[in-house]
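S.K.: Here's my sequence, what's the structure:
(one chain, ligands or ions: 1)
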Amino acid sequence: MNSRRNFLQKITFSAVALPFLTENVVAECNETKDKPYDGPPLRVAIMGLGGYGTRVAEAMQSCKRAKLTGVISGTPSKIKDWQAKYNIPDKNCYNYENFDNVKNNPDIDAVYVITPNALHKEQVIRVAKAGKHAICEKPMSVTAKDGREMVEACKKANVKLLVGYRMHFEPKTLEIIRMRKDGELGKILFFQGLCGFKIGDPTQWRLNRELAGGGAMMDIGIYAINGSRYMVGEEPVWVTAQETKTDPVKFKEGVDETIQFQFGFPSGAVASCLSTYNMNNLDRFFLNAEQGFAEMQPSTGYGPIQGRTNKGELMQPHVTHQTVQMDEMAAIILQGKKPIVPVDGEEAVKDLQIIDAIFEAVKSGKKVNL
Ligand code: NDP
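M.R.: Residues are numbered from 1 along each chain as shown. Model prediction:
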């Protein structure tokens, strides 16, 4: 098996190789074999028909195990458009006041919450109370305390809580994780995660603390945090962080523009990361280890993700992240499948604890132990 993987890393990408790669490697990486699925699909209602909700809905059209069957929105005109596009009946359409009624809707198994960050907590808890599984976008909430309450509410209601960590199903990412787990890189020493983009419209919710819970860290810095954990394969034990702000009008109090942060891990490995709303072309992971390295750029965008290791270029094919994510989440919810990297509420709480610690370290200027 290992020699086949080494071969796959080394071969030249070609039209001849593509069908072979697509069929075998994606299936292997995601452990969802490419055989026909004839069970019932996971029937999903999307809450929040904005930019990302639209992308998820389009990607779900190619899913084998998940199907869009409902919508929850505060904008009637969007509901109409989505009903026409996705053939959604009136009885599966809700707004933010009445969506508790999904409780009585046998056509909906799960609700995917894709609204501004600070709304996730209340919305997920209401979904759980309605007895439906919750899928929630990242960041799952805006503090670890809120995240724990969400986990508890879903446990109490006996429903699953999954978080939209699409990179946990991305083939090149999974190949680096496999190499690290199999010891091919040797002892992990250092991770660098650089995540950012230059944000536009100053009036958008992402720059409103009440709705975003912060700034770049909640939105894009979280990829470096989460990535450092799955690339290094450990949980950080300390955090240091420094903030810089060039535009205090656009980035008000509590809305971070740029934060550099560092982690220490139990093995002695360290990480150095950057989260920013003030630089474009910043989407890079680098993992250094005693016997090798891995680098990815782009590392967390919608793709194609590109990467190489000391063994050569990573040749796993591009997949539509949201299609694979939703098929895998359907398998987790309906068949109890265990993902290679967790995507549950507890996993999200770990990121939120680190975000809390980063904000504390920025404020105090001191090292914060986790
Ligand atoms: P958008 O602003 O494009 O859409 C958010 C939608 O939420 C709105 O269109 C609206 O839909 C609904 N909404 C409900 N209440 C409010 C409110 N008070 N203000 C604004 N919108 C509201 O945001 P995104 O889709 O980009 O982001 C939504 C979530 O998805 C965020 O948590 C974000 O972090 C996450 N995300 C994740 C990505 C990933 O790759 N995993 C990528 C992008 C975003 P309606 O009119 O239907 O009510």
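
S.K.: Would you mind measuring from the closest residue to the ligand within the stretch 1-150 of the chain to E210?
M.R.: Going by Cβ to the nearest ligand atom, the ligand is nearest to G50 of the stretch 1-150 of the chain, at 1.7 Å. Placement of C-beta: from N, CA and C, glycine included. As defined by Cβ to Cβ, to the nearest Å, G50 lies at a distance of 17 Å from E210.

S.K.: Please name the residues that touch the residue of the stretch 1-150 of the chain closest to the ligand.
M.R.: For G50, the contact set (Cβ atoms under 8 Å, 6 or more residues apart in numbering) comprises 114-115.

S.K.: neighbours around P304, how many?
M.R.: If you count neighbours by other Cβ atoms under 10 Å, P304 ends up with 11.

S.K.: In space, what's closest to it - neighbours in sequence excluded?
M.R.: Nearest residue to P304, sequence neighbours excluded (Cβ to Cβ, 6 or more residues apart in numbering): H318, at 3.9 Å.

S.K.: go on, E347?
M.R.: E347 sits nearest to V163 (Cβ to Cβ, 6+ apart), 6.7 Å away.

S.K.: partner residues bridging the one you found?
M.R.: Bridge pairing for V163 (DSSP bridges) gives the partners C136.

S.K.: wait, it sits on E346?
M.R.: No. Counting by Cβ atoms under 8 Å, E346 is not a contact partner of V163; they are 9.7 Å apart.

S.K.: higher neighbour count, these two?
M.R.: Shown here are V163 and E346; by other Cβ under 10 Å, V163 has more neighbours (30 against 12).

S.K.: For burial, what's the neighbour tally of the closest residue to D283 other than its chain neighbours?
M.R.: In space, and not counting its chain neighbours, D283 is closest to P298: 4.3 Å by Cβ to Cβ, 6+ apart. P298: 16 surrounding residues under other Cβ under 10 Å.

S.K.: Could you do the one 3 residues further on as well?
M.R.: Neighbouring residues of G301 were enumerated by other Cβ under 10 Å; the total is 15.

S.K.: repeat for the one 10 residues further on
M.R.: Neighbour count of K311, defined by other Cβ under 10 Å: 16.

S.K.: Please report the distance of it from P317.
M.R.: Note on K311: its distance to P317, by Cβ to Cβ, is 18 Å.

S.K.: Kindly report the same for I79.
M.R.: Distance from I79 to P317, by Cβ to Cβ: 36 Å.
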